[in-house]
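Task: produce atomic coordinates for the following.
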Amino acid sequence: MDITLKLTQEFSLKPWQVENVINLIDDGNTIPFIARYRKEATGSLDDQLLRSLSDRLTYLRNMEEQKEKIIASIEAQELMTDEIRASIDNAATLTELEDIYRPFRPKRKTRASIAIAKGLQGLADAIYEQAEDGVLPQDIAAEYLNDEVETIDDAINGAKDIIAEMISDDPAGRKMLRYSVKSNGSIVVTGTKDDLGVYEMYSEYSEPIKSIAGHRVLAVNRGEKEDFLKVSVDFDKIVGLSILTNLHVKNNSAKAQLVIEAVEDSYTRLIFPSIEREIRNSLTDAASESAIEVFAKNTRQLLMQPPVKNKITLGLDPGYRTGCKVAVVDETGKVLDTGVIYPVPPHNKIEEAKKIIKNFVKKHNVQMFAIGNGTASHETEVFAAEVIKELDCGITYMVVSEAGASVYSASKLAAEEFPEYDVSLRSAVSIARRLQDPLAELVKIDPKAIGVGQYQHDMPQKELSQALDGVVEDCVNSVGVDLNTASAQLLNRVAGVSSAVANNIVAYRQENGAFTSRKQVLKVAKLGPKAFEQCAGFLRVSESKNVLDNTAVHPESYEAAEKLLKLSGISDDDLRCGNVSGIKKYVETVGTSALAAELGIGEPTLIDITNEIVKPGRDPRDELPAPLLRTDVMGIDDLKVGMELKGTVRNVIDFGAFVDIGVHQDGLVHISQITNKYIKHPSDVLKVGDIVTVWVLSVDVSKKRIGLTMKEPKTQA
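Below you'll find the model as predicted:
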């Protein structure tokens, strides 16, 4: 297989792009580095496409390796033919390869292998040939009687077992039958208990295989695993038998009649159960792949939420019996103060709690509250809103997702970061920091625990982890990392920086003080030239004398950047003061093509350098809509049908999106209520963190369900 050609066709790219990407990957370059600093080589392919291409490259290489193993195995059995080799070479999927190899794979003990051991292969071949020579199969069978085959019936039944397995191993029949079942079969679900709970809608359920949605596949899989549901594939057996009969039955002879019987046995006992498993597995794989894609997209959008910068923040980790934990952190996330208050049942020490919070606000000039959305969140939010109203000093608040906070708080990492605090106080610190800088705080948590997917526990965990780790890496590198303040966990997500090197960077910083340049990081143990090449452009050193060290300009392009500054008449002082508005005009006047040639760089690199000089140290997250901060609170009881509200999208899933409208319970905007236009998936329109206008469609207080619409009332059907 020409892998480069196949990737070129599948991704609609030019051959030179694919060749260059493969070479860059094989040379040990990371995806973020390739995406950001090798744009000329790739044609400016983004990190997501590069990861998809890299994954597909791995799959195709694995398939080529598997082909070689299969060829070697068949040749060792001295059964290779030109036709078999051609089939292997032309196989496009691992499933096709498995079908081809099935007849040659060493088998466990089967009815067919037992019959072959008894010497009945010749009889099976004679019957399957179906020669119309007037010789009855019983007469042929008589020649095969021996100590292990005592009767004619024993011989014929053994021969039919061999034929049934031959039919089952035939790749053509399997391929045709698999296609037919996928096209015309259905998934049938029945309940196994009187009370099915959340699986009630699947008590008697059927849907065509070709149209069943991924989230329903994962739902019925979970119901089956929990013994609430029985799931099977329904397909017209007559159609299945006719496919195999047309392939294997040649005439109406007595021998052919035995082949028909073998066909039915093969279909019922071997082929259909196997294809049923394959199809269910393929449905699960496709559903998991789609769910992982949605999870990854949501995670990317959550991590890239704009930070609320330069705000002293008070974090509240709500609780009933154990109280509400409080932590005040400064603009950089450094802990200033901690405490515990009891403003909610069963203690209800409201006035005492107000006094403590007000003292914290005045002592530290607190500007913002971050409230965890877990147990007792709503009551704590009501309390916080009252305090804010009484203080009347411009404080705002936001309810922050606690997903994964408890995991982090109880981790070894949290214990090392805050040895003086107990688990609950660490959670309050994390909640405050999540509002200040979601990315820097959430990288400390396993991405699977962030909670912006669906059925994540039912997906292949290895593939999910790989996808989410890639997302985290891409997000961290697109924003950049301050070399002098970043935690080891954040540094570990920088391209080319291993966990050991990240820890070494922090240790070097603690021993020698702040880094004063990017090049200084080369003094860190185990960080060699290749790692420096990969990571340097993503590290920021605001304290450096060289302003370029605080930009995404890579050190390999410093010479070109400095020449550009000189040509455009911008001095170091101008650069430090931000007096660089003339550079874009200069680039436009000269032209990117001519200027790039003069500087010895590509046009994409020139454009990137120019943008970085215009906004040194810029954060791409700042260009997104700011988080929706609140000053007052509502409850689900306050909602009325038709009410217009502003909300924040918290999760996007296959059938809709959950929106935080400030009542502690997220409302669901079903996919049919997102827009009047047809959309394939809610993510076509919405992403996590979007600020949207919604209208209340329905409220069920007892079940805590809120139905929302994004269609204005006058335009609703």
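
List phi and psi for residue 644.
Main-chain torsions, residue 644, degrees, to the nearest 10: phi -100, psi 130.

For residue 651, see how far away it is.
22 Å (CB to CB, to the nearest Å). To be clear about C-beta, it is placed using only N, CA and C from the backbone, and glycine gets the same treatment.

tell me which helix or strand of the chain sits lowest on mean pLDDT?
For the chain, the helix or strand with the lowest mean confidence is helix 405-409, at a mean of 78 (criterion: mean pLDDT, DSSP states H and E).

CA atoms only for that helix, dumped as CSV, please.
Output in CSV follows, covering the C-alpha atoms of helix 405-409 (Å, rounded to 0.1, in the frame of the first residue of the first chain):
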residue,chain,number,x,y,z
ALA,A,405,-11.8,19.0,42.2
SER,A,406,-12.1,16.3,44.8
VAL,A,407,-9.8,14.1,42.8
TYR,A,408,-7.2,16.8,42.7
SER,A,409,-7.6,17.8,46.3
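
which other helices and strands contact that helix?
For helix 405-409, the contact count by 3 or more CB pairs under 8 Å, 6 or more residues apart in numbering; DSSP states H and E identifies helix 423-436 as packing neighbours.

Tell me the helix or strand right after the helix it packs on.
helix 438-442 (DSSP states H and E).

what's the distance between that next one and the middle of its chain?
On the basis of CA atoms, centre = their mean, to the nearest Å, helix 438-442 sits 18 Å off its chain's mean C-alpha point.

can you tell me how far the residue lying farthest from the centre of the chain sits from residue 140?
The C-alpha centroid of the chain is most remote from residue 134, which lies 63.8 Å away (CA atoms, centre = their mean). Note on residue 134: its distance to residue 140, by CB to CB, is 12 Å.

Then residue 34?
To residue 140, residue 34 is 66 Å away according to CB to CB.

Of these two, which one has the most company?
Ranked by neighbour count (other CB atoms under 10 Å), residue 34 and residue 140 place residue 34 first, with 23 against 19.

Can you report how many residues lie near the closest residue to that one other than its chain neighbours?
In space, residue 34 comes closest to residue 24 once its chain neighbours are excluded; the distance is 5.1 Å by CB to CB, 6 or more residues apart in numbering. Other residues near residue 24 number 19, with proximity taken as other CB under 10 Å.

which ones are touching residue 24?
Taking CB atoms under 8 Å, 6 or more residues apart in numbering as the contact definition, residue 24 lies against 34, 38, 41, 42.

Same check on residue 425?
Taking CB under 8 Å, 6+ apart as the test, what residue 425 contacts is 317, 325, 327, 338, 418.

Pipe the residues you listed into a markdown table and attach distance to residue 170 per row.
Written out in a markdown table, the entries for those read as follows (distance: CB to CB, whole Å):
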| residue | distance to residue 170 |
| --- | --- |
| 317 | 63 |
| 325 | 66 |
| 327 | 67 |
| 338 | 71 |
| 418 | 65 |
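
Out of those, who's the most crowded?
residue 317 (34 neighbours).

Please report phi then psi for that residue.
Per-residue torsions, residue 317: phi -100, psi 100 (degrees, to the nearest 10).

And for residue 188, the neighbour number?
Other residues lying near residue 188 total 15 when counted by other CB under 10 Å.

Restricting the selection to alpha carbons, write the helix or strand containing it to CSV.
Under the criterion DSSP H and E, the helix or strand holding residue 188 is strand 186-191. Taking only C-alpha atoms (Å, rounded to 0.1, in the frame of the first residue of the first chain), the coordinates of strand 186-191 have been written out as CSV:
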residue,chain,number,x,y,z
SER,A,186,-32.1,-3.7,13.3
ILE,A,187,-30.9,-3.4,16.9
VAL,A,188,-33.6,-4.9,19.1
VAL,A,189,-33.7,-4.0,22.8
THR,A,190,-36.0,-5.5,25.5
GLY,A,191,-36.1,-4.8,29.2
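
Strand partners (parallel or antiparallel) of that strand?
For strand 186-191, the paired strands and their directions (DSSP bridges) are strand 204-208 (antiparallel), strand 229-234 (antiparallel).
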